[in-house]
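> need a structure here:
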Amino acid sequence: MTLSSEGTSLRLGFDETRTRVVLRTTDEYQQALVQLAARFRTGGQLGPLNASIALDELLGDLGALGSWPHPQGVEWEPELGALVAGVVQDANTVKQRLDESPGPTEIAPGAVRGLLGETWRGELSEFQLRDIAKLLSLQHGANFSVPGAGKTRVALAVYAAQKTQGRVSRLLVVCPKSAYESWRYETAVCFQYALRTHVLDGSMDQWTEVLIVNYERLDRSLGLLAGWLKAGPAMIILDEAHRMKLGARGTYGAACMALGPLAARRLILTGTPAPNGAKDLENLLGFVWPGHGQRTVVQAVAGGDLAHASTVLRPLFTRTTKHELGLPPVQLGLRYVDMPPLHDEIYESLTQGAKAEGARDDLSALGKTALRLLMAAVSPALLLEGGSKYEPLAYQLPPLEIPKNSSLYSLMQSLPDHELSPKYKEAVAIIAENAARGRKTLLWTTFVRSLTTLERMLEKYSPAVVYGGTPDRDEQLRRFREDPSCMVLISNPATLGEGISLHHVCHDAVYVDRDFMAGRFLQSLDRIHRLGLAPDTETRVTVLAARKTIDEVVAHRLEKKLDFMGRILDDPTVQQLADLEEEPSVGAGLAPGDVEALLSHVGSR
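Numbers count the residues shown, from 1 in each chain. The predicted model follows:
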């Protein structure tokens, strides 16, 4: 093969996924290419004159290219060259910040308004100006501010400043469907003339300036989105970016990683950047700064000193905390209930069955075991029917098959004649007490059948219900907000955990159950505890748990995850959420640590 450019001995460019770099050389340098590729763990030959290396690894060790025998002949394809330049620039800026020596690109908060252009008219708080200044001081950025801090407006201000300077002319927003309303509203009110906005729903507005797409549609729209990004200098924003926390190992993450290099500027927004620990943070920052971001996180947390890790990582992101928002504190309570004897026997039989199956290394089987134990801790009746098609995929379990000659079969036959779930009774008692005081309640439960059961039990309170199968979510939310007879909203965090504000009408939340997903728990808490609360507002959150069940395992694992996230973000409020105060009663996302805790629980029964 002969390279077309005269004097070029090595050309580097993306492969079709843009997660790997393809290196091409000439016959003269064939052996040098073999040696260069061998220096990388992910390096491999595609042919005598072609090799491939993972993008992250190459960007993490650009110095290895110094061994190339003909350095003046190294040529970067434009897209990859721009990505490399941005990563190097930000790495230098971060180093300067750690050395406490402001770099030439450091922007002061007081200078922000002058950078936004004449068409910007959105109001900005002091902490928003601070966050915008920090993000504009980097080539790419991450905003980990808590929900309610106005991350959408901050992101649009960064776009406005970049557009004013002629660096970008279009914006791709990737977000959950629940966030569409917020993006449409902010793009209309923040500018003198509303930005032309289009939600990708099969059709395409070729003149749109702001293109909005949800995570579920990303993978099948990659070609269309890549072409749109290439058509003009673009900025890409991942809203609720924790949805791609699996990185290249997940469908959403792989799609995001493929699109990222096509954007002149990348920005991620999430209040929960590390719901399961450092790996999540690696993948998020790896999207923003391929190679450099992941390497920085790995090095920062390697020693186990989270205070040090927080100091190292702090220049990479901006965060407004609950404390800075000036919100009144949340009253958190953990109420334990005792299972009736029959429920306890059924739960015991399930754990014995899990032990007998011995599926220690089968993550899928362990996940199903965890979900069935969560169901049994709520009400064993949930085991008799499979998850509905409206459950999130992870919860769509088939009904539990019980052999007729087993002891569990006879126990389940007796179930309909015995006690109601103590968790349901406790939830109804709390809602009745709140309603008598004129307080509306947000009731969380993971499983759709549990949700519909509670809907019937709470009929006298005119419940609003929102889950995957709800035909008109907006009408249910309107009724909860405006109808004085509707005293309870029943939903699950997978459906309503993001993008909805209820804090003006509701100050009480009850969790019938929780799974292992710390990010979802934090997001759901913020539906009723966000910017705009009166200083004297009393916000109360009650978590129900069945003693000596998987609920105790979940509580312990969430405590550890929230403590990690709070320390890495230097946010005491998140750490405090990990420590729920136990109070008397009145009436699944498995991480490796979760697996060990679950196996220990099953083994101890």
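
> which non-adjacent residue is nearest the residue positioned nearest the centre of the chain?
Centroid-nearest residue in the chain: His242, 2.0 Å away (criterion: Cα atoms, centre = their mean). Closest residue to His242 apart from its sequence neighbours, by Cβ to Cβ, 6 or more residues apart in numbering: Thr270 at 4.6 Å. The way it works is simple: take the backbone N, C-alpha and C, and place the C-beta from them, glycine included.

> residues near the one you found, how many?
27 (other Cβ atoms under 10 Å).

> now Glu77
13.

> hmm, back to that, who's in contact with the residue nearest to the centre of the chain?
Neighbouring residues of His242 by Cβ atoms under 8 Å, 6 or more residues apart in numbering: Thr270, Thr272, Pro273, Pro275, Asp280, Leu284, Gly519.

> now those residues in a markdown table, with secondary structure, pLDDT and distance to Lys548?
What follows is these, written out as a markdown table (DSSP: H, G, I helix; E, B strand; the rest coil; pLDDT from 0 to 100; distance: Cβ to Cβ, whole Å):
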| residue | secondary structure | pLDDT | distance to Lys548 |
| --- | --- | --- | --- |
| Thr270 | coil | 93 | 35 |
| Thr272 | coil | 87 | 29 |
| Pro273 | coil | 88 | 34 |
| Pro275 | coil | 81 | 26 |
| Asp280 | helix | 87 | 31 |
| Leu284 | helix | 91 | 37 |
| Gly519 | helix | 86 | 27 |
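
> that older thread, for the residue nearest to the centre of the chain, which three-state class applies?
helix (DSSP: H, G, I helix; E, B strand; the rest coil).

> from Ser221, how far off is it?
Distance of His242 to Ser221, computed by Cβ to Cβ, to the nearest Å: 21 Å.

> go on, Gly353?
Distance of Gly353 to Ser221, given as Cβ to Cβ: 43 Å.

> returning to what we had before: ok, which pair from the contacts of His242 is furthest apart?
Leu284 and Gly519 (11.3 Å; Cβ to Cβ).

> are there residues contacting both of those two? Which ones?
His242, Lys245.

> what's the burial count for the closest residue in space to Cys190 that isn't next to it in sequence?
Once flanking residues are discounted, Cys190 sits nearest to Gly122: 3.4 Å by Cβ to Cβ, 6+ apart. Gly122 has 16 neighbouring residues, counting by other Cβ under 10 Å.

> next: Ala307.
Count around Ala307 with other Cβ under 10 Å applied: 9.

> tell me which element it is part of?
Ala307 is part of helix 306-313, with elements assigned from DSSP states H and E.

> keeping just the C-alphas, turn that helix into CSV.
Listed next in CSV are the C-alpha coordinates belonging to helix 306-313 (Å, rounded to 0.1, in the frame of the first residue of the first chain):
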residue,chain,number,x,y,z
LEU,A,306,-11.4,9.2,48.5
ALA,A,307,-10.6,12.7,49.9
HIS,A,308,-7.4,12.7,47.7
ALA,A,309,-9.4,11.3,44.8
SER,A,310,-11.9,14.1,45.1
THR,A,311,-9.2,16.7,45.0
VAL,A,312,-7.6,15.2,41.9
LEU,A,313,-10.9,14.8,40.1
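
> name the residues that touch that helix?
Contacts for helix 306-313 (Cβ under 8 Å, 6+ apart): 98, 281, 296-297, 299-301, 303, 564, 567-570.

> buried residues in the helix or strand immediately after it in the chain?
Per DSSP H and E, the first helix or strand lying C-terminal to helix 306-313 is helix 322-325. For helix 322-325, burial by neighbour count (16 or more other Cβ atoms under 10 Å) applies to Lys322, Glu324, Leu325.

> packing partners of the helix or strand just after helix 322-325?
Where DSSP H and E defines the elements, the next helix or strand beyond helix 322-325 is strand 330-337. Counting contacts by 3 or more Cβ pairs under 8 Å, 6 or more residues apart in numbering; DSSP states H and E, strand 330-337 is packed against helix 422-436, strand 539-546, strand 581-583.

> how much space separates Ala38 from Gly44?
In terms of Cβ to Cβ, Ala38 sits 9 Å off from Gly44.

> same question but for Phe564, I mixed them up
In terms of Cβ to Cβ, Phe564 sits 35 Å off from Gly44.

> higher neighbour count, these two?
Higher neighbour count among Phe564 and Gly44: Phe564, with 23 against 13, using other Cβ under 10 Å.

> the more buried one belongs to a helix?
Yes - under three-state DSSP, Phe564 falls within a helix.

> residues in contact with it?
Ala274, Gly277, Ala278, Leu306.

> next one: phi and psi at Arg481?
phi -70, psi -40 (degrees, to the nearest 10).

> how many other residues sit next to it?
16.

> most tightly packed of the helices and strands packed on strand 330-337?
strand 539-546 (a mean of 22; mean count of other Cβ atoms under 10 Å).

> and that strand, C-alpha only, in CSV?
Output of strand 539-546 as CSV, limited to C-alpha atoms (Å, rounded to 0.1, in the frame of the first residue of the first chain):
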residue,chain,number,x,y,z
THR,A,539,-39.8,17.2,53.5
ARG,A,540,-40.2,13.7,54.8
VAL,A,541,-39.0,10.5,53.2
THR,A,542,-39.8,7.0,54.7
VAL,A,543,-38.2,3.8,53.4
LEU,A,544,-40.0,0.5,54.3
ALA,A,545,-38.0,-2.6,54.9
ALA,A,546,-38.8,-6.2,55.9
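
> what residues does that strand touch?
Taking Cβ under 8 Å, 6+ apart as the rule, strand 539-546 contacts 328-339, 377-378, 422-423, 426-427, 430, 507-514, 525, 528-529, 533, 551-552, 554-555, 580, 583.

> now with 6 Å?
330-337, 339, 377, 423, 426, 507-512, 529, 551, 580 (Cβ atoms under 6 Å, 6 or more residues apart in numbering).

> residues in contact with Val22?
Gly13, Asp15, Ser52.

> mind giving me the PyMOL select for these, buried ones only?
Typed into PyMOL, the line below selects the buried ones among the contacts of Val22, using 16+ other Cβ under 10 Å:
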select buried, resi 13+52
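
> and which of the contacts of Val22 is nearest to Gly7?
Gly13 (17.3 Å).

> spatially nearest residue to the closest one (excluding sequence neighbours)?
Counting by Cβ to Cβ, 6+ apart, the residue nearest Gly13 is Glu77, at 3.5 Å.

> list phi and psi for the one you found.
Taking degrees, to the nearest 10, you get phi -70, psi 150 for the backbone angles of Glu77.

> for it, report the pLDDT, please.
Note on Glu77: pLDDT of 92.

> can you list the domains in the protein?
10-76, 83-320, 330-337+420-587, 341-417 (automatic domain parsing).

> dump the ones you listed to TSV, plus distance to Ser604.
Shown next, in TSV, are these (distance: least, Cβ to Cβ, whole Å):
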stretch	distance to Ser604
domain 10-76	40
domain 83-320	24
domain 330-337+420-587	9
domain 341-417	9
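
> and these: which comes nearest Ala597?
The nearest among these, by Cβ to Cβ, is domain 330-337+420-587 at 4.9 Å.

> identify each buried residue in the longest helix seen in the chain, please.
For the chain, the longest helix by residue count, based on DSSP state H, is helix 78-98. For helix 78-98, a neighbour-count test (16+ other Cβ under 10 Å) marks Leu80, Ala82, Leu83, Val84, Gly86, Val87, Asp90, Ala91, Thr93, Val94, Gln96, Arg97 as buried.

> ok, stretch 438-448 next?
Counting neighbours by 16+ other Cβ under 10 Å, the buried set in stretch 438-448 is Arg439, Lys440, Thr441, Leu442, Leu443, Trp444, Thr445, Thr446, Phe447, Val448.

> ok so, going back, can you pick the most crowded of the contacts of Phe564?
Ranking those using other Cβ under 10 Å puts Ala274 first, with 26 neighbours.
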